[in-house]
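[1] just need the structure, nothing else, for what follows:
(chains A, B, C, D and E, ligands or ions: 4)
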Amino acid sequence: MIEITNVHKQFNNRTVLNGINLHAETGNVVTLIGPSGTGKTTLLRCINLLEEPDQGTIEIDGVRVQIPIKNKNDILTLRRKTAMVFQQYNLFRNQTVLQNVVQPQVLVKRTNKQVAKQRAETFLQEVGMQDYQKYYPSQLSGGQQQRVSIARALALDPKVILFDEPTSALDPELSREVLNAIHKVADLGITIVLATHEMQFAEEISNQVVFMENGNVVEDGTPAEIFHHPANERTARFLENYRVRQAPIYSAQIKKFKVV
Amino acid sequence: MIEITNVHKQFNNRTVLNGINLHAETGNVVTLIGPSGTGKTTLLRCINLLEEPDQGTIEIDGVRVQIPIKNKNDILTLRRKTAMVFQQYNLFRNQTVLQNVVQPQVLVKRTNKQVAKQRAETFLQEVGMQDYQKYYPSQLSGGQQQRVSIARALALDPKVILFDEPTSALDPELSREVLNAIHKVADLGITIVLATHEMQFAEEISNQVVFMENGNVVEDGTPAEIFHHPANERTARFLENYRVRQAPIYSAQIKKFKVV
Amino acid sequence: GKSSGQSKKTYDVAVSTASKPLSYQENGKLKGYEVDVLKAVEKKLGNVKFNYSAVSQTAELIGLDSKKYDFAANGFYSNPERQKKYLVPKQNDGLSLVKVYYNKNKVKKSIKNLDDLSGLRVAPVNPNGGMYNLLTTWNKTNSKKVKVLTSDQFPLQQLLKDVNSGKYDALIDPSNLGENEIISGLKLNNIRSSEPVRAFPTYFLFTKDNTAISKRVDKALKELKKDGTLSKLSKKYFGEDVFQYKVKEN
Amino acid sequence: MSSHIFVGDFWTIWKVVPQTLGLSFLILILATLLGSLFWQIQESRHTAIKFLYHAFSSYFRGVPLLIHLLIFYYGLPIVIKALSDQFNWGVSTNQLNPIYAVIVSYTLYSASFLAEIIRGSFKSVGTDQLEAASALGYTGTQRFFAVWLPQALSEALPKILNYYTLLIRQLSLAFLVSVVDIFAKAKLETAANDRYIEAFCAAAIVYWILCVVLTLIFSKVEHYLRRYDRSVLA
Amino acid sequence: MHNFSDVIGLFKQLLTGLPITLGFIISSWIIGFSLSVLVTAGRLSPRRWLRYPLDVLVSFTRSIPIVLQLFLVYYGLPALVQTLIGVDLNDVNKMIFCIITFSIYYGSYLSEILRPAYLSVRKEQHDAAYGLGYTKFQTNFHVIVPQMFSIALPSLGNEVINLVHQSSILFVLGTVDLMGQADMIITTDYTSSPLLTYFCAGMIYWGLTIVITAVVHSIERYVDRYKQSDLEGGTI
Ligand SMILES: Nc1ncnc2c1ncn2[C@@H]1O[C@H](COP(=O)(O)OP(=O)(O)OP(=O)(O)O)[C@@H](O)[C@H]1O
Ligand SMILES: Nc1ncnc2c1ncn2[C@@H]1O[C@H](COP(=O)(O)OP(=O)(O)OP(=O)(O)O)[C@@H](O)[C@H]1O
Ligand SMILES: [Mg+2]
Ligand SMILES: [Mg+2]
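    Ligands and ions are numbered 1, 2, ... in the order given. Sure, this is the predicted structure:
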């Protein structure tokens, strides 16, 4: 469960987040949509405290951090509840695919190295990257890097995964693969928060959609509400450019795969 | 008019383009679609000879270059018929927005500096970037950089503009703006070749669609043909993930703007 | 100085690493005139131990200033500044005969005095050696000036070769640094040497707080001169008894 | 340590600062030009030329500067004499100012290091920038002067200026062949009075002041050159 | 002029100074380098009381010729230690002082290479590690520092060569290293040719730097193995 209360964030005296409140049940897939520069990425980064908010409270799975942070250890505890898949994937450039998935387990969860390796192999298989274990990130295409990044996050058994624009620059086929992977993650009971510009994708994948603008949550509801009956005029205008379709197509095609 | 005949290209003995033939009439908007790694970017780069093909002929607006190239001056002549808008925009990072648009005119077209400046201002206005003349590229968002890049290309009066993934990582609103801009360019009688992953965008914008796979042109036709009645089974499968819609929505919203 | 276990007082003495034949290292061993004189003094005094450090000349003097060494030996001349700064014993431990080595083809006159250097191209002198002071003092009081070039210490062979080849007309140098051996060894046939134009007594230099030992060394030197030890060492290293020359004051 | 000797030394040493700075700056300019030439040679397609350059640069980087200095001090007059005899210039090489040996040896030595800096700086300009220029129809020359050089320069200049401070320090070796710099001046100061500690401390302070001031100026220059990288978002 | 066997003999004699030079270089490098890691960490730390003094130290060692620093440590340090804690360092081997001088010099000087290298590792790499729950130490040790080295390595290689060259200054304290050996030959052998001797010493220094360069290159190739990208090139 995620509970975000009254989060404010300024950069150089410019307000980027202006009192965000957000509640997400365990296992929810929450998508953040909204115009560019609206604070979606910043919100994701505030959730795992990569960016320290100026004010507010963040609670994940029972760990509650109030700003200003009194106990610095809370930061680590909170972060270890979450994992982030960055827009640029941010794989460790100096490590192979396998090392990228193994090392965090060893360092963060103190998993035995052998076990970590086995788990890594399983997760890489899940995302279809088992054949690339020895490759370095610079040798992979964007879609491949992203899948490794997902495997790396999954291997840490997080309660929450944060995705920043998971499908930008992927072709429709790869997008579908990523969609499948995310669905599967959600089925594991992991809560997902995801920022995206692709409305079709947002509609397919989420059961909670948050429309943000200028650092405010303008509307928060189910995909049906937001995409088909937006309550707010601004939301409606933003979505004008997105043609709403009748039936979801992605979900029919989820391949069955097993996550350990 | 563009006429590409039998273009081959290998990288490290791996065939990336395998005998491409492409014909586009003046003023056409040609979109290249197809899976990742299929050679779309490579083809664009071969058209303006940023990449020298191993074999083939490229003709643009009466300038015909046969591989192997005999006269190196032909490369320059051909390039000056075209302009490219890169996926990463590739603005000159040490020049302000205005300088980015002025310098190519002065150097390539020998335009008088004062005139170049006036033209630059007009084109920046067209793409809505008139207020950012003094900014450096690093101070602009992706969408803003792209618009400057378009202005820079337009200012050179090219016969052909090549776009590589113009809308990746833009939100729907910005995408529409870019779409408007491209439509307007096409109205000027400039031929456009454009690689994209966004099928909806491709359908809206183009009057010729080329589906590529593994370095081959699999199918080449009007959007109606490709998206609604694909002749080839592979094209149909690729497009499965893209829901075809009834009526174009973008075109209805093109704002009127004037290009000098 | 400080006391060591066997109640022998230990003193740190700096000598030069590379001033053959005054002091130099060969196969890891310290040798040279100054070294032998110091050893003779050490023996004479009996209850002291000298602890030798071989360093460059500049380093010797910096070491004296920082009191790392109790005294230093390197054919030092005495002058008012040094007398102010260090303890200079009464007794000299050696004598340095300054000669001019000149190219016989370029210098047609015979050189007898510093006057004769005027107008010649004299090889550069190291400002931290005595020749620089000699020449600059000379220039202050005499009308026939000598053009003084300076440089860091340069290998002597090379300077003599340069005189031989005509790059320089003349070199002025203390004659106890092996010039004759170099000239004959390298067959520098164009070089002539003058008679001594100056003779300087050379001294050990003590730091100011070493009055006691400086007095004792002074006494020892006097005795060593008397019993002919120093003359013998001089013959061994310089090929002549330098103590036979009268010191000419300027 | 006597403060008034220290102060006296300080001002005397300060007087050679302009000539030290000037000489090392001259060397810096020459070495930069030569280093650029080396960079071009290195990019050359002829393997023989490339090999020769590598041997040459390895030699200059591998042998201590002091030894280069001595070799040129003695070698240069011989070469000039040979040329002079050949072409009847009538130059008397015995009178050749040692400063030329300093300039030549320092320039060659520094150029072999600067060539690497220059190469790295040109390499650091992204190919995207060069491709953009090509795609817009710039000629090779236009691309070089309008795009490549300015960007490489803002990368290289701070490093070249940093090398300048190194050069100033290295110039102290030149006293071996009678060229007087800051450190040599300090030694000359000690000649009469053996006051090494005062003179050397004064020299150290002069060096320090120079370095701090130059570094300050250079960081201003760098700040200006990199103005376009100061993203408001970062 | 000089026959071949003379030159061989000269080389033999010079090479006896090589072990001292090598020992000196290796120990100074190891100590200096380790020190520089600490100095760099200190200068990157947010604590001003740590940062400012280190910045001053670095600016000082960067600006002053190494001979002066050598004198300062060799003569100043014992005097300082004597007055402060009354321990007499005068009998300590001078090689130790040389190593101390060069260690301090490189300790601060190399931080001018390491610090920018550290700062140039992309921020996203920090973000990734923190985002996964790495502690600050884990982030630096496992992610940032390995990448920092791959950036710093070429300059570090240059500095080793620099150290080799600068070690030739030790002879002012009478150390019989390679250059000291050359000086000794020149002063004790009246018929030796200084130029030839220095030149031969230069050849040995050259050989040394060739070896060092080769080693640095192979380390570089190993450290940079992750950088090879398939998508390079193009005719421009
Ligand atoms: N480190 C920073 N310093 C200053 N301003 C920042 C910083 N990070 C973000 N911003 C500003 O905060 C605003 C919100 O940025 P953010 O990246 O969160 O937007 P976003 O909604 O993710 O946009 P996009 O959809 O384009 O990714 C932007 O205007 C940006 O300029
Ligand atoms: N310079 C190069 N050297 C080697 N291989 C290359 C080079 N450029 C492209 N390739 C290879 O050529 C193939 C085609 O690449 P290209 O970038 O043209 O694909 P694309 O269709 O644009 O893909 P995407 O949709 O992901 O942008 C890829 O497999 C790529 O690895
Ligand atoms: Mg974002
Ligand atoms: Mg592409």
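[2] average pLDDT across the strand or helix carrying D:F51?
    Assigned by DSSP states H and E, D:F51 belongs to helix D:47-62. Helix D:47-62 comes out with an average pLDDT of 91.
[3] same deal with stretch E:34-45?
    Taken as a whole, stretch E:34-45 has an average pLDDT of 92.
[4] hey, C-alpha coordinates of that stretch in CSV?
    Provided in CSV are the C-alpha atoms of stretch E:34-45 (Å, rounded to 0.1, in the frame of the first residue of the first chain):
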residue,chain,number,x,y,z
SER,E,34,46.1,5.4,-1.8
LEU,E,35,46.5,8.8,-0.2
SER,E,36,44.9,10.5,-3.2
VAL,E,37,41.8,8.3,-2.9
LEU,E,38,41.4,9.6,0.7
VAL,E,39,42.1,13.2,-0.3
THR,E,40,39.6,12.9,-3.2
ALA,E,41,37.0,11.5,-0.8
GLY,E,42,37.7,14.4,1.6
ARG,E,43,37.5,17.0,-1.1
LEU,E,44,34.2,15.6,-2.3
SER,E,45,32.8,15.5,1.2
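[5] which residues touch that stretch?
    E:50-51, E:54-55, E:57-58, E:103-104, E:106-111, E:114-115, E:118-119 (CB atoms under 8 Å, 6 or more residues apart in numbering or on different chains). Bear in mind the C-beta positions are built from the backbone N, C-alpha and C, glycine included.
[6] report whether whichever helix or strand comes after the helix holding D:F51 contacts chain E.
    Using DSSP H and E, the helix or strand that follows helix D:47-62 towards the C-terminus is helix D:65-87. Yes. Residues of helix D:65-87 contacting chain E under CB under 8 Å from any CB of the partner chain: D:L65, D:L66, D:I67, D:H68, D:L70, D:I71, D:Y74.
[7] residues contacting helix D:65-87, please?
    Helix D:65-87 is contacted from outside by C:167, D:60, D:89-91, D:93-94, D:96, D:98, D:100-102, D:104-106, D:108-109, D:170, D:173-174, D:176-177, E:165, E:168, E:194-195, E:198-199, E:201-202, E:205, using CB under 8 Å, 6+ apart.
[8] pull out the buried members of those residues.
    When those are checked for burial by 16 or more other CB atoms under 10 Å in any protein chain shown, the buried set is C:167, D:60, D:93, D:96, D:98, D:101-102, D:104-106, D:108-109, D:170, D:173-174, D:176-177, E:165, E:168, E:194-195, E:198-199, E:201-202, E:205.
[9] how about the helices in the chain?
    Using chain A. A:40-47, A:73-79, A:97-108, A:113-126, A:142-154, A:172-187, A:199-205, A:223, A:233-239 (DSSP state H).
[10] right idea, wrong chain: chain E
    E:4-15, E:18-44, E:48-63, E:66-71, E:77-85, E:94-109, E:111-120, E:123-131, E:136-138, E:145-166, E:178-188, E:194-223.
[11] would you mark the buried spots in the fifth one?
    Same thing as helix E:77-85. For helix E:77-85, by 16+ other CB under 10 Å, it's E:L77, E:P78.
[12] what's the closest non-adjacent residue to E:Y74?
    Nearest residue to E:Y74, sequence neighbours excluded (CB to CB, 6 or more residues apart in numbering or on different chains): E:F97, at 4.6 Å.
[13] now do the contacts for the one you found.
    By CB under 8 Å, 6+ apart, the contact list for E:F97 reads E:L70, E:V73, E:Y74, E:L77, E:L173.
[14] contacting residues for D:F218?
    By CB under 8 Å, 6+ apart, D:F218 lies in contact with D:P158, D:L161, D:N162.
[15] now that we have the residues you listed, which one has the most neighbours?
    D:P158 (19 neighbours; other CB atoms under 10 Å in any protein chain shown).
[16] which element, helix or strand, includes it?
    For D:P158, the host element (DSSP H and E) is helix D:149-170.
[17] using CSV, write out every CA atom in that helix.
    C-alpha atoms of helix D:149-170 as CSV (Å, rounded to 0.1, in the frame of the first residue of the first chain):
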residue,chain,number,x,y,z
LEU,D,149,36.8,23.3,-33.6
PRO,D,150,34.7,25.5,-31.3
GLN,D,151,33.4,22.6,-29.3
ALA,D,152,36.8,20.9,-29.1
LEU,D,153,38.3,24.1,-28.0
SER,D,154,36.0,24.5,-25.0
GLU,D,155,37.1,21.0,-24.0
ALA,D,156,40.8,21.5,-24.7
LEU,D,157,41.4,25.0,-23.5
PRO,D,158,41.0,24.3,-19.8
LYS,D,159,43.4,21.4,-20.0
ILE,D,160,45.9,23.3,-22.1
LEU,D,161,45.9,26.1,-19.6
ASN,D,162,46.3,23.6,-16.8
TYR,D,163,49.4,22.4,-18.6
TYR,D,164,50.6,25.9,-18.6
THR,D,165,51.0,25.9,-14.8
LEU,D,166,53.0,22.7,-15.2
LEU,D,167,55.2,24.3,-17.8
ILE,D,168,55.9,27.2,-15.5
ARG,D,169,57.2,24.8,-12.9
GLN,D,170,59.2,22.8,-15.3
